[in-house]
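Participant: 3D, please:
(one chain, ligands or ions: 1)
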Amino acid sequence: MRVLLVAPPGAGKGTQGALIATHFDIPHIATGDLLRDHVARNSELGRSVREHLSRGELVPDGIVLDMVRAAFIEAKADGGGYVLDGMPRNLAQARELYEIGRGLEMTANVALHLKANDEELIRRLLTRAVLQGRSDDTEPVIRRRLTLYHEVTHPIVDWYASRGILVSVDAVRPVEQVARQVLTALEAMRPLVQHVPEHARRSVDLTGLGAAFGRS
Ligand code: AMP
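Facilitator: Residues are numbered from 1 along each chain as shown. Got it, this is the predicted structure:
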């Protein structure tokens, strides 16, 4: 299973990404975590991106693409599955990622879109700020990250819909309800992704099915 997560900050991509990775026994490649690790280790790369992260700006495409290419090569040796969290963040990254995937015969089977409104996202991120103290979880930086998401990241959702690999889920629910729906959808798609070519598939919008998965 090869999954991309497309979601605004605070929608739960880290949590859902980890659950998907455990469920399918595939690596969880989280670009934000990889970048924060470089910053924490004060590596040369970390020093070059520290400011971008603390201001909530995107780091240059080339840096993340190189990181993800290296992670894909490792994932290929490990069976070829992955859940990629935090990438692509714009259309240029989406196109480049597709080329990397094609070169390695590892293009994504599913683009999982976690949908949530800004009010809920700000509330969650401010709660996370108290718990984790991330430098980019202050209100002005959160607003900047949400603006960037709406302006440059969200448009890629349509691109994945047109490629027939989009699955949209309502993420404004308790984490275990979202997880149950996500894993059920991915399990249902498992035989499909192996046998039905991308061009013959249709996107799936599960955002109206919250009630069936526990929304009161
Ligand atoms: P995240 O943990 O996914 O919220 O990412 C935290 C920060 O890392 C973002 O606000 C960006 O500064 C940077 N970042 C993560 N992934 C990317 C990416 N694919 N392209 C550019 N910047 C990224």
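Participant: correct me, but Val110 touches Val6?
Facilitator: No - taking CB atoms under 8 Å as the definition, Val110 is not a contact partner of Val6, at 10.5 Å. Where C-beta positions appear, they are placed from N, C-alpha and C, glycine not excepted.
Participant: Measure how far stretch 167-175 is from the centre of its chain, please.
Facilitator: 13 Å (CA atoms, centre = their mean, to the nearest Å).
Participant: list the contacts for the residue in the chain positioned nearest to the ligand?
Facilitator: Nearest residue of the chain to the ligand, counting by CB to the nearest ligand atom: Gly32, 2.0 Å away. Gly32 is in contact with Gly14, Asp85, Gly86, counting by CB atoms under 8 Å, 6 or more residues apart in numbering.
Participant: Identify the residue spatially nearest to the second one, adjacent ones excluded.
Facilitator: Going back to what we said before, that points to Asp85. Gly17 (3.8 Å; CB to CB, 6 or more residues apart in numbering).
Participant: cool, and Gly101?
Facilitator: Thr107 is the one closest to Gly101 (CB to CB, 6+ apart), at 3.7 Å.
Participant: what's the single longest helix in the chain?
Facilitator: helix 175-195 (DSSP state H).
Participant: Which strands or helices does that one pack on?
Facilitator: helix 13-24, strand 110-115, strand 166-170 (3 or more CB pairs under 8 Å, 6 or more residues apart in numbering; DSSP states H and E).
Participant: how about the shortest one: buried residues?
Facilitator: Residues of strand 166-170 classed as buried under the neighbour-count rule (16 or more other CB atoms under 10 Å) are Leu166, Val167, Ser168, Val169, Asp170.
Participant: partners of the fourth one in the sheet?
Facilitator: On the basis of DSSP bridges, Val169 is bridged to Leu114.
Participant: hang on, it packs against Val110?
Facilitator: No - between Val169 and Val110 there is no contact under CB under 8 Å: 11.0 Å.
Participant: The helix-or-strand element of the chain with minimal mean pLDDT pairs with which strands?
Facilitator: The weakest-scoring helix or strand in the chain, judged by mean pLDDT, DSSP states H and E, is strand 204-205 (a mean of 76). With DSSP bridges as the test, strand 204-205 is paired with strand 166-170 (parallel).
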